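> coordinates only, sequence not included:
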Ligand SMILES: Nc1ncnc2c1ncn2[C@@H]1O[C@H](COP(=O)(O)OP(=O)(O)OP(=O)(O)O)[C@@H](O)[C@H]1O
Ligand SMILES: [Mg+2]
């Protein structure tokens, strides 16, 4: 026990006095999380946030045009630069100045079939284009029905439903993904110290001491866990307080996923240290695994968005299951009675055992 | 009974035979030095004794114990300073000693060790900021924390300046004062001569000589080389060649400019005759030298190789 305490002390101080650890394991994930949440999650607070500034152009007043105008006025996401209609020239001018996002040119007579949508050329490929197109189509259909005096039998109701009990906001998705990613990366990259300890002979030196290598490994693992705890507390705080991420924690399942995940990724790092001799070699290999996992494990976007030929990687990636486990236990409050919990834990444990076994087989204590 | 006994140790790496049938024994309280050029097999020999490498062949007994049966008790009674000082760079001096002390059953007080290795003033200094000599002293200090009976120091003074080297010598001699047994490796003949009770000269994995430094030197031919330098011209030196050649015991004689150089088996007698001659003929002798024999000559004699360091 005293031996364990002393080894832990040495490992702990060696880890936390290393500035690179603070940089890569704490500051970098925070920065990454803030950047990603700001860009992709910040404005999205669960409600539709699409908004368009528009005006309508009525070149010749007629009943049809007034009717369409009336319907458009009822659409909540459209804000009106000017309540009355304007001239085409005026609308074009405003578009150019980006004073408005779009202008709708109403039909010139009852017989005219066309409604024009004017957009700034720069926004050709934007969401605005699609959204306005969709809105306008809906409006025109509605008007068509009114003219034909029929009421529609079928209407499409789009609702976004997530697998959990609450609606999943993208912030929550990204926020939990980033937590899983940070802990995973800390594990993948964290064993680089082994390379240095092997190079300077410290690992060999430790073999002269009457301790088992298991004690040494255990003390290392405890240090990794503490680092992960610091990461998760800081990242959760930032996500919840600055980006309004939801937190619906199931403590038990969370703790299990968290501990198993941290150990699994440390074992992965250990395996990398067994196959590399230099710091550069280690970082190179860790980077390859890290990049593969980062984009193919449902961290930034849903796995369903991946092309099918890449999916197999996502299916075996341990980060997929770690991210799922973190999400399930932190946002959906899914407990250990749920089968998905056991799938996540099972795959992580398998990865942990496999990488540790391979690492232990090839690990060398001396340079 | 010797505290350390090594029999027929052998170790090869692929085609390189690093250690080839090395046997020796060390008595308690001895300073035993293994000296040899780079790649002679010193570190490999030590590491096999320390249990870090498995010998291909041979037996090792430490205080009557061997690595097969008693690895933990052996680890408790040995202290090792490896050739590359393997330290936790981000701990300070005190913490380093404290961590290692905590890993053993028996330990010395840290303050005592600090005093011993003369690092008390640097106790709060981080390992990575230490000078080479301070690092080396800390590495020796760590080897001491478990109050070991046998110490292994692998090239403790390599790369240090003369002052730092002398500091380490002091530590090693103090250890002897405490009754510790030290097995030491070095490249420096001077160091081996000064510190060791017995010296083991190895080359290419084999022991080529093993004895006290004095005995080893006496093993060499008794002949000494003497040179005299004359101030004026080379004439004086040349005049004397034939005369000196006739002295009893003198073997080789030659001149180099104004220097007369000769080898003799009876230096006192030769010098007596020579000085008698120079005083009678009022020849001024500017410099006189008698070359000391050293372990270096032992090495050269036994291997026929130049000692390069
Ligand atoms: N792990 C190894 N693999 C292959 N060859 C090795 C290994 N360790 C040592 N050798 C070889 O064995 C020989 C003896 O090496 P060793 O390190 O014991 O020499 P040494 O006397 O300690 O030299 P130095 O004074 O340079 O420290 C050398 O030729 C070395 O190249
Ligand atoms: Mg060596």
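Yep, that arrived. As the structure is a prediction and not an experimental result, all values here were calculated from the model. Numbers count the residues shown, from 1 in each chain, chains lettered A, B, ... in the order given. Ligands and ions are numbered 1, 2, ... in the order given.
> residue B:84 against residue A:198, yeah?
No: in this structure, residue B:84 is not within contact of residue A:198 by CB atoms under 8 Å, at 11.2 Å. Any C-beta I mention is one placed from the backbone N, CA and C, and that applies to glycine too.
> which SSE is the residue nearest to the spatial centre of chain A in?
Residue closest to the average C-alpha location in chain A (CA atoms, centre = their mean): residue A:174, at 2.5 Å. Assigned by DSSP states H and E, residue A:174 belongs to helix A:170-190.
> pull the number of nearby residues for the residue of the stretch 51-200 of chain B found nearest ligand 2.
Closest approach between the stretch 51-200 of chain B and ligand 2, counting by CB to the ion: residue B:83, at 4.7 Å. Residue B:83 has 17 neighbours, counted by other CB atoms under 10 Å in any protein chain shown.
> swap in the one 3 residues further on?
Look at residue B:86: counted by other CB under 10 Å, it has 22 neighbours.
> distance check, it against residue A:362.
Shown here: residue B:86 relative to residue A:362, a distance of 22 Å by CB to CB, to the nearest Å.
> try residue B:41
Counting by CB to CB, the gap from residue B:41 to residue A:362 is 28 Å.
> which one's more surrounded, those two?
In terms of neighbours (other CB under 10 Å), residue B:41 is the more surrounded of residue B:41 and residue A:362; the figures are 24 against 11.
> right, and the more buried one touches residue B:201 too?
No: taking contacts as CB under 8 Å, residue B:41 lies outside contact range of residue B:201: 11.7 Å.
> now do the same contact list for the residue in the stretch 151-300 of chain B positioned nearest to chain A.
With CB to the nearest CB, the shortest gap between the stretch 151-300 of chain B and chain A falls at residue B:152, namely 9.3 Å. By CB atoms under 8 Å, 6 or more residues apart in numbering or on different chains, the contact set of residue B:152 is B:46, B:49-50, B:78-81, B:143, B:182-184.
> if we go to 6 Å?
Residue B:152 is in contact with B:46, B:50, B:80, B:183, counting by CB atoms under 6 Å, 6 or more residues apart in numbering or on different chains.
> would the first one count as being in a helix?
What it means is residue B:46. Yes: using DSSP: H, G, I helix; E, B strand; the rest coil, the assignment for residue B:46 is a helix.
> secondary structure element holding the residue nearest the centre of chain B?
The geometric centre of chain B, computed from its C-alpha atoms, lies nearest to residue B:192 (CA atoms, centre = their mean), at 2.4 Å. Assigned by DSSP H and E, residue B:192 falls within helix B:189-195.
> go on, residue B:138?
Following DSSP H and E, one finds residue B:138 within helix B:132-144.
> need the next SSE after that helix, C-terminal direction.
Once the chain leaves helix B:132-144, the next helix or strand it forms, by DSSP H and E, is strand B:150-154.
> can you check what pLDDT the model gives residue A:127?
On the pLDDT scale, residue A:127 is placed at 67.
> pretty sure residue A:10 sits against residue B:88.
Yes: using CB atoms under 6 Å, residue A:10 is in contact with residue B:88, at 5.4 Å.
> neighbours of the nearest residue to residue A:284 once chain neighbours are set aside, how many?
Setting aside the residues directly before and after it, residue A:284 is nearest to residue A:276 in space (CB to CB, 6 or more residues apart in numbering or on different chains), at 7.8 Å. By other CB under 10 Å, the residues close to residue A:276 number 20.
> after the helix holding residue A:174 comes which helix or strand?
Counting by DSSP H and E, what follows helix A:170-190 is helix A:192-199.
> who touches the following helix or strand past that next one?
Once the chain leaves helix A:192-199, the next helix or strand it forms, by DSSP H and E, is helix A:202-206. Applying CB under 6 Å, 6+ apart, the external contacts of helix A:202-206 come out as A:197, A:365-366, B:82, B:86.
> chain center to stretch A:312-320, what's the gap?
Taking CA atoms, centre = their mean, to the nearest Å, one finds stretch A:312-320 lying 16 Å from the centre of the chain it belongs to.
> go on, stretch A:257-273?
21 Å.
> then stretch B:58-72?
Taking mean C-alpha positions (CA atoms, centre = their mean), stretch B:58-72 and its chain are 26 Å apart.
> that one and chain A in contact?
Yes: contact between stretch B:58-72 and chain A, assessed by CB under 6 Å from any CB of the partner chain, occurs at residue B:72.
> quick one: end-to-end length of that stretch, please.
Distance across stretch B:58-72, first residue to last, is 20 Å (CA to CA, to the nearest Å).
> check stretch B:91-107 too.
Termini of stretch B:91-107 sit 19 Å apart (CA to CA).
> and it, does that touch chain A?
Yes: counting by CB under 6 Å from any CB, chain A has neighbours in stretch B:91-107: B:91, B:99, B:102-103.
> how about that stretch: buried residues?
Within stretch B:91-107, the residues scored as buried using 16 or more other CB atoms under 10 Å in any protein chain shown are B:91-104, B:107.
> angles on the backbone of residue A:53, please.
Note on residue A:53: backbone dihedrals following degrees, to the nearest 10 are phi -90, psi 120.
> how much space separates it from residue B:290?
The span separating residue A:53 from residue B:290 equals 106 Å under the rule CB to CB.
> for these two, work out which one has more neighbours and name it.
Neighbours per residue (other CB under 10 Å) separate residue A:53 from residue B:290, with residue A:53 holding more: 16 against 12.
> surely the residue nearest to residue A:284 is in contact with residue A:282?
Yes: if you go by CB under 6 Å, residue A:276 and residue A:282 touch, sitting 4.3 Å apart.
> can you tell me which residues contact the closest residue to ligand 2 within the stretch 151-300 of chain A?
Nearest residue of the stretch 151-300 of chain A to ligand 2 (CB to the ion) works out as residue A:201 at 11.8 Å. Residues near residue A:201 by CB under 6 Å, 6+ apart: B:82, B:84, B:86.
> and of those, the nearest to ligand 1?
Ranked by distance to ligand 1 (CB to the nearest ligand atom), these are led by residue B:84 at 9.7 Å.
> and that closest one, what pLDDT?
pLDDT at residue B:84 comes out at 87.
> mind checking the SS state of it?
Reduced to three states by three-state DSSP, residue B:84 is coil.
> give me the nearest residue to it, chain neighbours excluded.
What sits nearest to residue B:84 in space, not counting adjacent residues and going by CB to CB, 6+ apart, is residue A:201, at 4.2 Å.
> which residues in the stretch 151-300 of chain B form helices?
Residue ranges of the helices in the stretch 151-300 of chain B, as given by DSSP state H, counting those that start in this stretch, are B:162-177, B:189-195, B:213-219, B:234-245, B:267-280, B:295-303.
> I misspoke; the intended subject was the stretch 51-200 of chain A.
A:63-73, A:88-96, A:127-148, A:170-190, A:192-199.
> can you count the residues close to residue A:340?
15.
> tell me which element it is part of?
helix A:339-362.
> centre of the chain to that helix, how far?
In terms of CA atoms, centre = their mean, the centre of helix A:339-362 is found 24 Å from the chain centre.
> that one to helix A:170-190, inter-axis angle?
Relative orientation of helix A:339-362 and helix A:170-190, computed by axes from the mean of the first three to the mean of the last three CA atoms, to 10 degrees: 20 degrees.
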